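Peer 1: Fold the following for me, if possible:
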Amino acid sequence: MIERTPLSFLLLVLVLLLGILYLALNFVWRGNALEATSPRNIERARRRSRIVWLLWGLFILVTVLAITALRFGSNIWFGYQVKIGGPYQLTVLGIQYAKPFLTILIPLAFQTYVDFETRSG
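Peer 2: Numbering: from 1, shown residues only. From the prediction side, this is the model:
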């Protein structure tokens, strides 16, 4: 059975309110907003895309260095050997390193948007 919590009701009300707001604005504007155009600065869009990729790369670098420092810092500092106790520990370590790379969707989505905007403009 599905658990009914106050949060689920709150989210249902939020979705209904957003739907009503969309319908009201669509009725008020009568589709004119979809035909409005604005100038686009392609160079600025490409520069922002490069900045997003640079920030993501810095995020990955800092995150990987932080994971490495937390996991192996004391071993390296005191000269102990790094021990990975089997395939389970190797998988746990690999997952910790792989998690930040899931954020690649953010710069990819931004890049897709910029490509779409520069092609359609």
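
Peer 1: so after whichever strand or helix holds residue 98, what's the next helix or strand?
Peer 2: Per DSSP states H and E: residue 98 is located in helix 87-98. Sequence order places helix 105-120 as the next helix or strand after helix 87-98, per DSSP H and E.

Peer 1: per-residue confidence averaged over that next one?
Peer 2: For helix 105-120, mean pLDDT rounds to 85.

Peer 1: contacting residues around the most centrally placed residue in the chain?
Peer 2: Centroid check for the chain by C-alpha atoms, centre = their mean gives residue 106 as the closest residue, at 3.8 Å. The contact partners of residue 106, by C-beta atoms under 8 Å, 6 or more residues apart in numbering, come to 52, 56. Any C-beta I mention is one placed from the backbone N, CA and C, and that applies to glycine too.

Peer 1: how far away is it from residue 112?
Peer 2: With distances taken as C-beta to C-beta, to the nearest Å, residue 106 is found 11 Å from residue 112.

Peer 1: so where's this protein shaky on pLDDT?
Peer 2: Residues of the chain meeting the criterion pLDDT under 70: 1-2, 31-37, 120-121.

Peer 1: all helices for it, in order.
Peer 2: Under the criterion DSSP state H, the chain contains helices at 6-29, 42-78, 87-98, 105-120.

Peer 1: Mind giving me the packing neighbours of the shortest one?
Peer 2: Counting contacts by 3 or more C-beta pairs under 8 Å, 6 or more residues apart in numbering; DSSP states H and E, helix 87-98 is packed against helix 42-78.

Peer 1: Buried residues, the helix it packs on. List them.
Peer 2: The neighbour-count check on helix 42-78 (16 or more other C-beta atoms under 10 Å) flags 45, 49, 52-53, 56, 63 as buried.

Peer 1: again with stretch 109-117
Peer 2: Residues 110, 114 are the ones in stretch 109-117 that count as buried (16+ other C-beta under 10 Å).

Peer 1: For that stretch, which outside residues touch it?
Peer 2: Residues from elsewhere that reach stretch 109-117, judged by C-beta under 8 Å, 6+ apart: 40, 45-46, 48-49, 52-53.

Peer 1: If we only consider these, which is nearest to residue 94?
Peer 2: Residue 94 lies nearest to residue 53 out of the contacts of stretch 109-117, by C-beta to C-beta, at 24.4 Å.
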